[in-house]
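In: I would like to see how this sequence folds:
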Amino acid sequence: MMKYTRAIGFIAAILLVIACFIPWVFIESKNIIVTGIESSGTNFGKPGYVHFVFCFLFFVFHSMQKVWAKRWNVFVVALNGAWAIRNYFIISICVAGECPEKQIGFYLVAVTSLFMLLAALFSEVKQK
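Out: Residues are numbered from 1 along each chain as shown. Now for the predicted structure:
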């Protein structure tokens, strides 16, 4: 398991970037499909761009074989996970009796963020 954590982390980060382009929710009353990049007609902004920054930092720190990089990586993926949870609660909240219909991209963001966290927690540093 430990020798695959590096690859699992990189694959999860790539899938997270892809998930930001896949539909997250469908708001039926406004006929709007919200993704991480496109949320026209709502006040959600573009939360996928923050995931892009966290994925970039994850790639940088996950590639390095230094203890300080692994520690920063855990911090970065914890922030990424918190951002995913924040998006889940804010974007999928029911307003005025109408609940947005969650799509596959929403769940993929949560799962890939979890896999990135696990990969950062269980990555090993090669000692001299």
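
In: residue contacts, K102?
Out: W24, V25, S92 (C-beta atoms under 8 Å, 6 or more residues apart in numbering). From N, CA and C alone the C-beta is placed, and that goes for glycine too.

In: by pLDDT, rank those residues and give me the bottom one.
Out: Looking at the contacts of K102 by pLDDT, the weakest one is S92, with 87.

In: pretty sure that residue contacts V25?
Out: Yes. Assessed by C-beta atoms under 8 Å, S92 is found in contact with V25 at 6.0 Å.

In: between those two, which contacts overlap?
Out: P100, K102, F106.

In: and of the residues you listed, the nearest to I11?
Out: Nearest to I11 among the shared contacts of S92 and V25 is F106, at 19.2 Å by C-beta to C-beta.

In: which strand or helix spans the closest one?
Out: In the assignment (DSSP states H and E), F106 maps to helix 104-121.

In: equivalent analysis for K30, please.
Out: Element membership for K30, per DSSP H and E: none, as it lies in no helix or strand.

In: what is the neighbour count of the residue nearest to it when sequence neighbours are not counted?
Out: Counting by C-beta to C-beta, 6 or more residues apart in numbering, G41 is the residue found nearest to K30 once chain neighbours are left out, at 5.5 Å. Counted by other C-beta atoms under 10 Å, the residues lying close to G41 total 12.
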